[in-house]
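Student: No sequence on hand, only this structure:
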């Protein structure tokens, strides 16, 4: 006999636009947000946006150095490891899967939330494995960290991105364990939303790195 599917009540903001959102304060000061559906400001959300800001500053500094170095006479673009096309698609797919998890969370469907968070985590691991394979393809082609300036930047930028993405996988594993066990749909979103914001940022950051490394 199949196990029953646990479905939680949707948060008030998802049922009734006039009901204050959980976690903020409404016009009457009794709770909720003045704008229905506005996410509550939680420590996790604040921490994620501070982290996103710090990573943005870091990669902006990398980009500035890259653009200055690219203008010198000895600059040449190295080969594009073919597996990067696959890993790019995998990472985009992981963001799509994560949005599927959030949709299930908003409906209070905890089984679907767990499934899609797990899919996202597996795709993230596949992306990291593909990045390691890309490095191996470059090494097989005789391209190393010190071969020429572009290869140095490739290893630096992809390595830094990979480290931050590994942290995102750790956050996903935490969400897989905590979000489906939440007492309410709103509580599940409080876990899933900050992780999703960080993960989508890393997906966008990878597309940006791919473009500046091989398309510009």
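Tutor: Perfect, thanks for sending it. This is a predicted model, so every value here is computed, not measured. Residues are numbered from 1 along each chain as shown.
Student: For residue 176, which residues are in contact?
Tutor: 114, 117, 118, 121 (Cβ atoms under 8 Å, 6 or more residues apart in numbering). Just so you know, the C-beta spots here come from the backbone N, C-alpha and C atoms, and that holds for glycine as well.
Student: how about 10 Å then?
Tutor: 101, 113, 114, 115, 116, 117, 118, 120, 121, 191, 192, 195 (Cβ atoms under 10 Å, 6 or more residues apart in numbering).
Student: Same question for residue 152.
Tutor: Contacts of residue 152 by Cβ under 10 Å, 6+ apart are 66, 69, 78, 144, 145, 146.
Student: and what of residue 203?
Tutor: 88, 91, 92, 93, 94, 95, 96, 98, 124, 127, 165, 168.
Student: Recalculate using a threshold of 8 Å.
Tutor: Per Cβ under 8 Å, 6+ apart, neighbours of residue 203: 91, 92, 94, 95.
Student: ditto for residue 65
Tutor: No contacts exist for residue 65 under Cβ under 8 Å, 6+ apart.
Student: which secondary element of the chain has the worst mean pLDDT?
Tutor: helix 12-15 (a mean of 44; mean pLDDT, DSSP states H and E).
Student: Mind pulling up the pLDDT for the closest residue to residue 86 other than its chain neighbours?
Tutor: Distance criterion Cβ to Cβ, 6 or more residues apart in numbering; nearest residue to residue 86, sequence neighbours excluded, is residue 130 at 6.0 Å. pLDDT for residue 130: 97.
Student: Give me the next element, helix or strand, following the host helix or strand of residue 130.
Tutor: For residue 130, the enclosing helix or strand under DSSP states H and E is helix 110-140. Following helix 110-140 in sequence order, the next helix or strand is helix 149-178 (DSSP H and E).
Student: Just want the angle from the helix holding residue 130 to helix 149-178.
Tutor: 160 degrees (axes from the mean of the first three to the mean of the last three Cα atoms, to 10 degrees).
Student: And helix 110-140, what's buried?
Tutor: 110, 112-121, 123-128, 130-131, 133-135, 137-138 (16 or more other Cβ atoms under 10 Å).
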